[in-house]
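Engineer: fold the following and give me the result.
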Amino acid sequence: MAKKLIAAGKLKGSKAKKPAVTGFIVPTLLVLFMRNLAKLRHAAGLSQAQLAARAGLTSGYVWCLEHGLREPSFTVIEALGKAMGVQDPRTFFEGKP
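Structural biologist: As a prediction, the model looks like this:
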């Protein structure tokens, strides 16, 4: 039991740390996706909450996608595209990182 608590960083003196959000390397496709998602959303005139409602997601999840903290599944990419009128899902991955 103590080993589990130490690993989770819940016991005093444990050296386990939570993963840092800053300083990690974001894969190139994810960079393209997060930039294009925000651009397409703005072009469609939608807030994160509006896009989330149309796509059947939460606004917090959309925020995480736009900031590279979550990686979308193909199903999510399709739902976001439909919600914004994007015909080709490859649009999310166009441009240079």
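Engineer: phi and psi next, for the spatially most central residue of the chain.
Structural biologist: Nearest to the mean C-alpha position of the chain, by C-alpha atoms, centre = their mean, lies residue 65 at 1.9 Å. Main-chain torsions, residue 65, degrees, to the nearest 10: phi -60, psi -40.
Engineer: before we move on, what about the one 5 residues further on?
Structural biologist: In this entry, residue 70 is assigned phi and psi values of phi -130, psi 150 (degrees, to the nearest 10).
Engineer: that one: neighbour count?
Structural biologist: Residues lying near residue 70 (other C-beta atoms under 10 Å) number 16. The way it works is simple: take the backbone N, C-alpha and C, and place the C-beta from them, glycine included.
Engineer: centre of the chain to the lengthiest helix in the chain, how far?
Structural biologist: The longest helix of the chain (DSSP state H) is helix 28-43. Here helix 28-43 is found 10 Å from its chain centre; the criterion is C-alpha atoms, centre = their mean, to the nearest Å.
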